[in-house]
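got a structure for you, letters missing:
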């Protein structure tokens with residue numbers, strides 16, 4: 001299954017939007033935090049996890065999804081949120097902690113929620129698996145169309161929630177696709193030091209379901225494998241496990257010194273950056289022109305500028321807003 005020209009252009013543009021967006025967020029995040037790094041300072045306090053390098057995982061899978069399909073993501077969610085169609089202005093306001101944010105500024109960047117496109121993420125490892133399983137189950141029980149995709153990191157595969165989710169999804173033949181983004185590092189621990197098997201897709205055999213490994217952070221190859229898995233789920237043929245070899249071009253979080261990385265690793269990762277690689281492939285194939293590239297660059301920059309301006313200009317919530325949308329027991 002190969003993407004058409006329009007789909008490939010969407011994939012490239014969405015990857016570029018995610019990358020440029022995070023570059024903008026990175027600069028804003030560092031405001032007030034230098035020269036001495038102070039995580040609590042600046043317009044975006046707290047942790048910040050960037051997904052740059054992992055953009056192919058989002059576009060290759062989400063290109064096959066519709067608004068009624070569910071996506072759950074991790075603490076590194078921007079690429080998937082953007083690909084799923086989460087409102088960029090409201091997402092940026094949420095990251096800034098503003099009232100106009102997706103959750104009124106309550107969630108921050110690790111807890112984005114947009115029910116209009118059925119997207120949610122969580123800062124807790126493997127937390128998205130249960131809600132994705134529930135979404136798949138609800139579609140099946142109600143006889144409604146739709147699949148659920150849970151994106152997780154390779155470290156989450158070692159959590160109990162992974163095994164419980166895969167077992168129930170296989171037992172109940174649910175339309176669930178679990179996508180493992182293997183960036184080789186669980187914070188500062190390498191995969192080879194934390195996981196007994198070389199490739200996590202082999203774990204699918206334990207549940208009697210298909211498992212696929214996609215190497216080389218290739219959005220086109222991801223599109224192919226994900227398309228088959230999602231079509232299979234839509235036909236009522238059950239879940240699939242996909243592991244994608246991807247790259248984390250930044251640290252685990254902003255401020256991470258990355259001293260655990262071997263010398264030369266980062267240079268090698270940037271040398272195979274998937275965004276210019278896809279652009280050059282499309283230029284060579286005549287699927288993009290230099291004018292197209294310039295037009296996409298301008299459109300991406302405009303969207304980001306508008307989103308950042310919206311977030312900066314939006315008011316903060318009132319302290320009393322903290323009591324809204326909270327459980328109040330009946331007395």
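Thanks, I have the structure now. Quick caveat: nothing in here was measured; it's all calculated off a predicted structure. Residues are numbered from 1 along each chain as shown.

show me what whichever helix or strand residue 7 is part of is packed up against.
Per DSSP states H and E: residue 7 is located in helix 5-29. Packing partners of helix 5-29 (3 or more Cβ pairs under 8 Å, 6 or more residues apart in numbering; DSSP states H and E): helix 55-62, helix 78-84, helix 88-95, helix 219-234, helix 274-284, helix 290-313. C-beta here means a position set from N, CA and C on the backbone, and glycine is covered the same way.

which of those helices is buried the deepest?
For the helices and strands packed on helix 5-29, the largest average neighbour count (mean count of other Cβ atoms under 10 Å) is found in helix 55-62, namely a mean of 29.

and that one with helix 219-234, angle?
30 degrees (axes from the mean of the first three to the mean of the last three Cα atoms, to 10 degrees).

show residues contacting helix 55-62.
10-11, 14-15, 18-19, 51, 71, 79-80, 82-84, 149, 151, 177, 179, 181, 214, 217-223, 225-226, 230, 242, 244, 246, 274-275, 278 (Cβ atoms under 8 Å, 6 or more residues apart in numbering).

nearest to residue 327, out of the helices and strands packed on helix 5-29?
helix 88-95 (21.2 Å; Cβ to Cβ).

can you give me the angle the closest one makes with helix 5-29?
Going by the same axes, to 10 degrees, helix 88-95 makes 30 degrees with helix 5-29.

quick one: mean pLDDT for the helix or strand that helix 88-95 is followed by?
Remark: after helix 88-95, the chain's next helix or strand is strand 113-114, criterion DSSP H and E. Strand 113-114 carries an average pLDDT of 97.

list the helices and strands strand 113-114 packs on?
strand 119-121.

list the neighbouring strands of the strand it packs on plus their orientation.
strand 70-73 (parallel), strand 113-114 (antiparallel) (DSSP bridges).

and the contacts of that strand?
70-75, 77, 80-81, 84-86, 110-114, 128, 131.

can you give me the buried ones in the helix holding residue 7?
For helix 5-29, burial by neighbour count (16 or more other Cβ atoms under 10 Å) applies to 8-22, 24-25, 28-29.

shaky segments in the stretch 201-331 of the chain?
In the predicted model of the stretch 201-331 of the chain, residues 331 satisfy pLDDT under 70.

let's verify the nearest residue to residue 257 once chain neighbours are set aside: helix, strand, or coil?
In this structure, residue 257 finds its nearest non-sequential neighbour in residue 251, 7.2 Å apart by Cβ to Cβ, 6 or more residues apart in numbering. Under DSSP: H, G, I helix; E, B strand; the rest coil, residue 251 falls in the coil class.

and residue 251, what are its phi and psi?
Backbone torsions for residue 251, taken as degrees, to the nearest 10, come to phi -70, psi -180.

and residue 183, what is it in contact with?
53, 54, 153, 154, 246, 247, 248 are the contacts of residue 183 under Cβ under 8 Å, 6+ apart.

try it again at 10 Å.
51, 53-54, 57, 76, 153-155, 191, 217, 244-249, 252, 269 (Cβ atoms under 10 Å, 6 or more residues apart in numbering).

please type out the PyMOL selection for whichever of those turn out to be buried.
Per 16+ other Cβ under 10 Å, the buried members of the contacts of residue 183 correspond to this PyMOL selection:
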select buried, resi 51+53+54+57+76+153+154+155+191+217+244+245+246+247+248+249+252+269
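
looking at the contacts of residue 183, which are in helices?
Mapping the contacts of residue 183 onto helices (DSSP state H) picks out 57, 269.

thinking again about what came up before, quick one: closest of the helices and strands packed on helix 5-29 to residue 37.
helix 88-95 (18.5 Å).

what angle do the closest one and helix 290-313 make?
Using the same axes, to 10 degrees: helix 88-95 against helix 290-313 is 40 degrees.

what mean pLDDT does helix 88-95 have?
98.

counting by contacts, list what it packs against.
helix 5-29, helix 78-84, strand 113-114, helix 290-313 (3 or more Cβ pairs under 10 Å, 6 or more residues apart in numbering; DSSP states H and E).

could you dump those to JSON lines with distance to residue 104?
Shown next, in JSON lines, are the helices and strands packed on helix 88-95 (distance: least, Cβ to Cβ, whole Å):
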{"stretch": "helix 5-29", "distance to residue 104": "19"}
{"stretch": "helix 78-84", "distance to residue 104": "17"}
{"stretch": "strand 113-114", "distance to residue 104": "11"}
{"stretch": "helix 290-313", "distance to residue 104": "13"}
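
the ones you listed: which one's closest to residue 42?
Of these, nearest to residue 42 by Cβ to Cβ is helix 5-29, at 6.5 Å.

how far does the closest one sit from its chain's centre?
Centroid separation for helix 5-29 versus its chain: 12 Å, with Cα atoms, centre = their mean, to the nearest Å.

what's the angle from it to helix 274-284?
Using the same axes, to 10 degrees: helix 5-29 against helix 274-284 is 150 degrees.
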